[in-house]
Structure formats: structure tokens, C-alpha cells
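Asks: Show me the folded form of this:
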Amino acid sequence: MDIRKTAIVIDQDLARQAGAVLGTTGVMRTVQRSLEQVVAEAARRRFVERLSRMEGLDLADHEVMDRARGRHE
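Replies: Numbering: from 1, shown residues only. Down below sits the predicted model:
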């Protein structure tokens, strides 16, 4: 993890509200958790998009799905 100390201007009321939602205390933890949440949300969106296109998935392959359900021939 590459960590750097920096100075930023933050709306304290917004930071407190975000901390309450995220369950964090302190600006540093709130900002860190917020960044983690943004990255995680982007990954979820990419996964949902791949799932909607069936990209890289074998869910439409009946043979694969039968094996997954324990229906071996």
C-alpha cells in the first residue's frame, strides 16, 4: 500500500455524515473507507455488467450447469 500524507479541504459536516453512514470515526478513516467503497462499487458494477452479458460465464452451457447441479452422466 502506497500511503502519502497530504492536506485537503474537507466539508466537516459532510465528513461527519459520511462517517455515520460508514461507521467510521475521524476524517482519515472516513476518507479511506469512502475511497474503498468507491473502488468496491466500481468492481460490483463491472461484475454486474459482465453478468448481464454472460461474459466469461458458462451459465448458458447446459452441460456445465448439469455438472454444477450434481447431474453427472
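Asks: What average pLDDT does the helix ranked longest in the chain get?
Replies: If each helix of the chain is counted by residues according to DSSP state H, the longest one is helix 27-53. The pLDDT scores in helix 27-53 average 94.
Asks: Could you find the residue nearest the spatial middle of this protein?
Replies: Centroid-nearest residue in the chain, with C-alpha atoms, centre = their mean: residue 40, separated by 1.8 Å.
Asks: Which elements pack onto the helix or strand just after the longest helix of the chain?
Replies: Next helix or strand after helix 27-53 toward the C-terminus (DSSP states H and E): helix 62-68. The contact analysis (3 or more C-beta pairs under 8 Å, 6 or more residues apart in numbering; DSSP states H and E) places helix 62-68 against no helix or strand. To be clear about C-beta, it is placed using only N, CA and C from the backbone, and glycine gets the same treatment.
Asks: Could you export helix 62-68 as CSV, CA atoms only?
Replies: Below are the C-alpha coordinates for helix 62-68, written out as CSV (Å, rounded to 0.1, in the frame of the first residue of the first chain):
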residue,chain,number,x,y,z
HIS,A,62,-26.3,-26.9,-20.1
GLU,A,63,-23.5,-29.5,-19.6
VAL,A,64,-21.6,-27.2,-17.2
MET,A,65,-24.8,-26.4,-15.3
ASP,A,66,-25.8,-30.0,-15.0
ARG,A,67,-22.4,-30.8,-13.5
ALA,A,68,-22.8,-27.9,-11.1
